[in-house]
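> Quick check, what structure comes out for this input:
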Amino acid sequence: MSERGLGRGLDHLIEQNATELGFLDAYGPTPDEALGEIFDAACRALSSLGGAGDDTSFETDGLRLERLEVGTRLTWSDANLPLVTSDLRLPGMREGRLSSERDEAVVTFVDWTHEVRRFLERAVEHHSSVA
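Residues are numbered from 1 along each chain as shown. As a prediction, the model looks like this:
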C-alpha cells in the first residue's frame, strides 16, 4: 500500500469513529458537574461528624468545605494536626498549605481520587479520636 492510502485510511477511520462514538458524551459529567460532585462527595465523607451546610459550604467542628469554581477547598483547623506538607500534595489536590504550627491546613480538591478519599477518612478518624 502507498503512504497516501494509509494516510487516507487513518483520516477516514478517525472521522468515522468521531461520528459514531458521539453518544459516549452522554455517559460522563461535564467538567463543571464533576467539580460539583467532588463537593457533594466530600460532604458525604464528612457527614458522620455532624455539621451543617448548604449548596456552597459545609462546616463541622474544625473542618470547612467550600465549593469553588476550580474545585472544593477544605480548611482543617485543630491543634497538632496529624499531617505533613506532602499529605496536601497528593493526586487530586492543589494549593495545599500546612501552617508552621501544624494547626491549620488548606487544600483544594480538584478530582475525586483514592488519595482524596483517604485524606478525608483520616480527618474523620482524627476528629473521632479527639472527641
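
> Provide a list of residues in contact with the spatially most central residue of the chain.
Geometric centre of the chain, nearest residue: residue 111, 3.0 Å, by CA atoms, centre = their mean. By CB atoms under 8 Å, 6 or more residues apart in numbering, the contact set of residue 111 is 38, 91-92. Where C-beta positions appear, they are placed from N, C-alpha and C, glycine not excepted.

> Looking at these, which is nearest residue 51?
Nearest to residue 51 among the contacts of residue 111, counting by CB to CB, is residue 38 at 17.4 Å.

> pLDDT (mean, whole number) over the helix or strand containing that closest one?
In the assignment (DSSP states H and E), residue 38 maps to helix 31-46. Per-residue pLDDT over helix 31-46 has a mean of 78.

> For this protein, just list every one of the helices.
For the chain, applying DSSP state H gives helices covering 3-20, 31-46, 114-130.

> pLDDT (mean, whole number) over the longest one?
Same thing as helix 3-20. The model assigns helix 3-20 a mean pLDDT of 60.

> And the last one, by the same measure?
Within the predicted structure, the mean pLDDT of helix 114-130 is 88.

> Ok, stretch 52-69 next?
For stretch 52-69, mean pLDDT rounds to 91.

> Quick check: buried residues in stretch 63-72?
63-67, 71-72 (16 or more other CB atoms under 10 Å).

> Just flag the most distant two among these.
63 and 71 (16.1 Å).

> how much space between residue 79 and residue 60?
From residue 79 across to residue 60, the span is 16 Å (CB to CB, to the nearest Å).

> between the two, who's got more neighbours?
Between residue 79 and residue 60, counted using other CB atoms under 10 Å, residue 60 has the larger neighbour count: 19 against 9.

> Assess the claim that that one and residue 49 are in contact.
Yes - Residue 60 lies in contact with residue 49 (CB atoms under 8 Å); the separation is 4.5 Å.

> Kind regards, and thank you for your time.
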